[in-house]
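**Q** Need a 3D model of the sequence below.
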Amino acid sequence: MDYSLSFKVNEHIYLRDPEGTELGKQIVKHAIELINEVGFEHFTFKKLAVEMNTTEASIYRYFTNKHRLLLYILNWYWSYMEYLVVVQLEPIQDLRAKLERVVELFTRELPERFGQSDYNKNVLHQIVIAESSKVYLVKEVKEINENEVFKPYKDLCARISDLIKAYQPAYPFPHSLSTTLIETAHSQLFFSTYLPKLTDVNRQSKETFVEQYLKDMLFKVVAR
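**A** From the prediction side, this is the model:
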């Protein structure tokens, strides 16, 4: 499928919409690559400016700080993941197969063929695994949430929750389970790579361990 992807990101995150200029798009693109390379703790606008051969002042015209830039990146990712869930599940009729596909989307490399963008989606996925909790585990989370900054993530979780309710209407905790699936995918993918003794991963199951674990957990929890 050869088409370009674009998502409207909450205007409270940025000072100037990065999608509106080529420089803005390059700021986001290079930030994704640099955060993946050095980690969010060591990422700075100064390093980003050097990487882009531009000035820190030009980056500050778009974002007040690096936390807002990370929020922007993750909002784009959550919007993309909801889009993927809609597109990939549309031709699937069986409800169990739909839920299995959802798990696969969060535990496998992202399919590049579904829409073109300036951003490396699998590098973006690695950032989400390692850094996503840093956007809401902050003291200002209540104030940030009041501006509906987390809406794309909530919309995605709500869509998965609706699938769980359709599969097992009697299950009483579909929203909690939907967020548990996503967050557990992130933590187990991270642990299985860097802290494997916190998991049950082994050499034989390294590529599929998290997928198998989540599917086992999901269907046992909502067993009919």
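**Q** Phi, psi for N120 please.
**A** Reported as degrees, to the nearest 10, the phi and psi values for N120 are phi -70, psi 110.
**Q** any idea which helix or strand of the protein has the worst average confidence?
**A** Ranking every helix and strand in the chain by mean pLDDT, DSSP states H and E puts helix 141-146 at the bottom, with a mean of 80.
**Q** which helices and strands does the helix or strand following that helix pack with?
**A** Downstream of helix 141-146, the first helix or strand assigned by DSSP states H and E is helix 151-167. Packing contacts for helix 151-167, counted by 3 or more CB pairs under 8 Å, 6 or more residues apart in numbering; DSSP states H and E, involve helix 66-89, helix 95-107, helix 174-194. The way it works is simple: take the backbone N, C-alpha and C, and place the C-beta from them, glycine included.
**Q** For the last one, C-alpha coordinates in PDB please.
**A** In this case it means helix 174-194. Only the C-alpha atoms of helix 174-194 are listed here, as PDB (Å, rounded to 0.1, in the frame of the first residue of the first chain):
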ATOM      1  CA  PRO A 174     -11.800  -5.100  29.700                       C
ATOM      2  CA  HIS A 175     -10.200  -1.700  30.000                       C
ATOM      3  CA  SER A 176      -7.700  -2.800  32.600                       C
ATOM      4  CA  LEU A 177      -6.900  -5.900  30.600                       C
ATOM      5  CA  SER A 178      -6.300  -3.800  27.400                       C
ATOM      6  CA  THR A 179      -3.800  -1.500  29.100                       C
ATOM      7  CA  THR A 180      -2.200  -4.600  30.800                       C
ATOM      8  CA  LEU A 181      -1.600  -6.200  27.400                       C
ATOM      9  CA  ILE A 182       0.100  -3.200  26.000                       C
ATOM     10  CA  GLU A 183       2.200  -2.400  29.100                       C
ATOM     11  CA  THR A 184       3.200  -6.000  29.600                       C
ATOM     12  CA  ALA A 185       4.200  -6.300  26.000                       C
ATOM     13  CA  HIS A 186       6.600  -3.400  26.500                       C
ATOM     14  CA  SER A 187       8.000  -4.600  29.900                       C
ATOM     15  CA  GLN A 188       8.500  -8.200  28.800                       C
ATOM     16  CA  LEU A 189      10.100  -7.200  25.500                       C
ATOM     17  CA  PHE A 190      12.500  -5.000  27.400                       C
ATOM     18  CA  PHE A 191      13.200  -7.600  30.100                       C
ATOM     19  CA  SER A 192      13.600 -10.500  27.700                       C
ATOM     20  CA  THR A 193      16.300  -8.500  25.900                       C
ATOM     21  CA  TYR A 194      18.100  -6.800  28.800                       C
END
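**Q** one step back: closest one to P152 among the helices and strands packed on helix 151-167?
**A** Of all the helices and strands packed on helix 151-167, it is helix 66-89 that lies closest to P152, at 3.8 Å by CB to CB.
**Q** okay, the helices and strands packed on helix 151-167 in JSON lines with mean neighbour count and mean pLDDT next?
**A** Shown next, in JSON lines, are these (neighbours: other CB atoms under 10 Å; pLDDT from 0 to 100):
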{"stretch": "helix 66-89", "mean neighbour count": "20", "mean pLDDT": "92"}
{"stretch": "helix 95-107", "mean neighbour count": "19", "mean pLDDT": "94"}
{"stretch": "helix 174-194", "mean neighbour count": "18", "mean pLDDT": "94"}
